Each structure stands twice: as C-alpha cells, then as structure tokens.
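> Sequence and predicted structure are below.
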Amino acid sequence: MPISSQQMRAAESRNRVPDVVVITGMSGSGRTQALHVFEDMGYFCIDNLPPRLLLQLAELVGINSGVGRHLAVTCDLRSQGLFDEITDSLQQLREHEISCQVVFLDTSDKVLIRRYDENRRRHPLAKPGEPLVSAISRERRQLRAVRDSSDLVIDTSALPTKELRARLRRAFSELTDQQLLEVSVFSFGFKHGMPVEADLMIDVRFLPNPFYDPQMRTMTGNDPLVRDFVIENDVTQKFLAAWENLLDVAMPGYVAEGKSHLSIAVGCTGGQHRSVAIANATADYLQRGGYHVSLSHRDLALANVRNS
C-alpha cells in the first residue's frame, strides 16, 4: 500500500523529535517558561532533575516503549560535577537507544541584570555581598562548556515568550501549531449562570426556540427533530455563515498567538435546545478544519428532558 504524504510527514517528525529534551542555561533566561511550552506539547515534564536520574525517569514514564511519549526536564548544570554527570547520563540514554537533545537558553548580562532588578530576586549563585554582575559572570564561565556542547542554543535576550514558544514547537513538536491548540466547545444555559472560563461566548437566544413546540419541549439539541428545526431555519443559516466566517478569522489568530487552549461557549436560555445544536455544529465545523476539539453540554443534565 503506498504511503501518503501525511504519513511521510508524520514519520519524518517522529524521527526528528527526540525522546528526551534537557533544558538548561543561564539563571533567569526562561527555563521555566520553556518547560511550560513542552508541557503544552504533551511532554512529561520535570523541573530541576538531577542528571543522574535521567535514565531511571525515562524508563519509569515509558520513554521508547512504543507509546510515543516524550520527556522534558530542566537541569541545573552550574558545577563541573553536574556537567560530567549529564555527559554520562546522555551516553546512558544513547546506549539504551533513547534519543536526547540539550537546549541551552542564553541571555545577555544586561537583560539578566534588568530581570533580577525587576523581580527583586537574589541570583542563586551570589555570595553574601557579591555584586549581581559578578555572580552572572561566574555562572557564565561555569556554563561555557555546557553551552558549547548543546544541540540548540536560544538567546532569549530580546525574544518574546510567544516567539520562544514558536521556536520550541517547530523544533520539538510532532504536531502542527493548529493541532496543538486544544479547543473546548460547550453549550450552557444563561439561567444557570454565565461561564467564567470562556474565551469566546456566543448568545443564540435570538434563534427560534423549539421549547414552545410541545413535541420538542422535552427533547434536546441532540435529537434530530430539534437539530433540524434549529439548523435549517433561515435565520440560523445566516448566523452560521457569519459565525463560521468569524471562526475562520479568529482561529488562525489564536494559533499564531501560541494559545494552547481555547474555550468556546454557546448559550441559550436553558442550555437544552438551541445552544446544544449550535455547539454541536460549531465543534463539527472546527473538527473538519483540522482542530482538536472536545465537546460538552454543561447544563443538559438540568434540562426538562423526557425519560426514555
């Protein structure tokens, strides 16, 4: 059977993305922010792991066991002993056929000084009474060998978090930015309270209400009769065309922003008929567009539905 281009791209991505990523670098350069990016990409993440535990942790979480899991850790490598330790640990991983790359985050002295001043934090290497610039300089000397041997060096001096996220995703994700965006679509009823977690909220109470038809009163938007009543209405058709046009503009913008989760709420009076039908249609439209979508109906359990 011939291999599709999509399968070829997926295979190339799996070969490119390492099993284990070690994040290190200058204190204040953004290691924690980088680890959050890997967490959003689905990596199993550990902060400040002693290098000697790398192989043990990789085996514990099932790296290279055929489940497609990846591991990202931050390591503090400022002493010579720890540098030797990470070198030995990386060799152990390779001997167990576990691929690994080291990412080094660097930042200029000027920017580091500004960040420490803004955060009013003490440099972790600073001795009592030692100037900040001296501690930074000493740390840079201690990390020189680590930087030189790293697989990827990223200077975050003038790099916005958004761009750091994009660079790490391009280098270490098996998925596209669009696939990394987790979209949650849910219906709700205004009479049960507005959702505070929604990024986008649409009020569909202006659409014709099936509640006033005795036959559909105890049905929900999941029932074909109600769905067709709502969706096939001329007003709904005009609304859906406009709503889908809005999503076509907004969704790529959220992807470009690097957003990892988007919550879309669709509300009607009781969360039983119109909002359910429109939420279903919205989720279906986004799924056909290649987005990873979860669908739920918040207030359906509170609705006046028939017992089947």
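Received, thanks.

> for F239, helix, strand, or coil?
helix (DSSP: H, G, I helix; E, B strand; the rest coil).

> Without its sequence neighbours, what residue ends up closest to it?
Nearest-residue entry for F239: L207, 6.9 Å, with adjacent residues in sequence omitted and distances by C-beta to C-beta, 6 or more residues apart in numbering. C-betas here are computed from N, CA, C, even on glycine.

> Quick check: end-to-end length of stretch 200-220?
23 Å (C-alpha to C-alpha, to the nearest Å).

> For it, buried residues please.
For stretch 200-220, the neighbour count (16 or more other C-beta atoms under 10 Å) marks 200, 202, 204, 207, 209-211, 216-217, 219-220 as buried.

> List the contacts of the strand or helix carrying H36.
According to DSSP states H and E, H36 maps onto helix 31-40. By C-beta atoms under 8 Å, 6 or more residues apart in numbering, the residues outside helix 31-40 that reach it are 21, 23-25, 45, 47, 70, 72, 74, 103, 105, 161, 164-165, 168-169, 172, 180, 260.

> right, and the helix or strand after the lowest-mean-pLDDT helix or strand in the chain?
Ranked by mean pLDDT, DSSP states H and E, the weakest helix or strand in the chain is helix 5-16, scoring a mean of 46. Later in the chain than helix 5-16, the nearest helix or strand by DSSP H and E is strand 20-25.

> quick one on the thing from earlier: can you pull the phi/psi pair for the residue nearest to F239?
phi -80, psi 150 (degrees, to the nearest 10).

> what do you get for R165?
With angles defined as degrees, to the nearest 10, R165 sits at phi -60, psi -40.

> That one touches G258, doesn't it?
Yes - with contact defined as C-beta atoms under 8 Å, R165 reaches G258; the gap is 4.3 Å.

> Mind checking which of those two has more residues around it?
R165 (23 against 20; other C-beta atoms under 10 Å).

> burial measure for L93, as a count.
So L93, with other C-beta under 10 Å, has 22 neighbours.

> do the one 4 residues further on as well
Under the neighbour criterion other C-beta under 10 Å, E97 is assigned a count of 8.

> Check the secondary structure at it for me.
Applying three-state DSSP: E97 is coil.

> all helices for this structure, in order.
Using DSSP state H, the helices of the chain run over residues 5-16, 31-40, 54-60, 80-95, 109-119, 132-142, 144-149, 161-172, 177-180, 224-231, 234-257, 274-288.

> Can you show me the CA trace of the last one as CSV?
These are the backbone C-alpha positions of helix 274-288, laid out as CSV (Å, rounded to 0.1, in the frame of the first residue of the first chain):
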residue,chain,number,x,y,z
ARG,A,274,-30.5,25.9,20.6
SER,A,275,-27.2,26.1,22.3
VAL,A,276,-26.7,22.3,22.1
ALA,A,277,-27.5,22.2,18.4
ILE,A,278,-25.2,25.2,17.7
ALA,A,279,-22.4,23.9,19.9
ASN,A,280,-22.6,20.6,18.0
ALA,A,281,-22.4,22.4,14.7
THR,A,282,-19.5,24.5,15.9
ALA,A,283,-17.5,21.6,17.1
ASP,A,284,-18.1,19.7,13.8
TYR,A,285,-17.0,22.7,11.8
LEU,A,286,-13.8,23.1,13.7
GLN,A,287,-13.0,19.4,13.6
ARG,A,288,-13.4,19.4,9.8
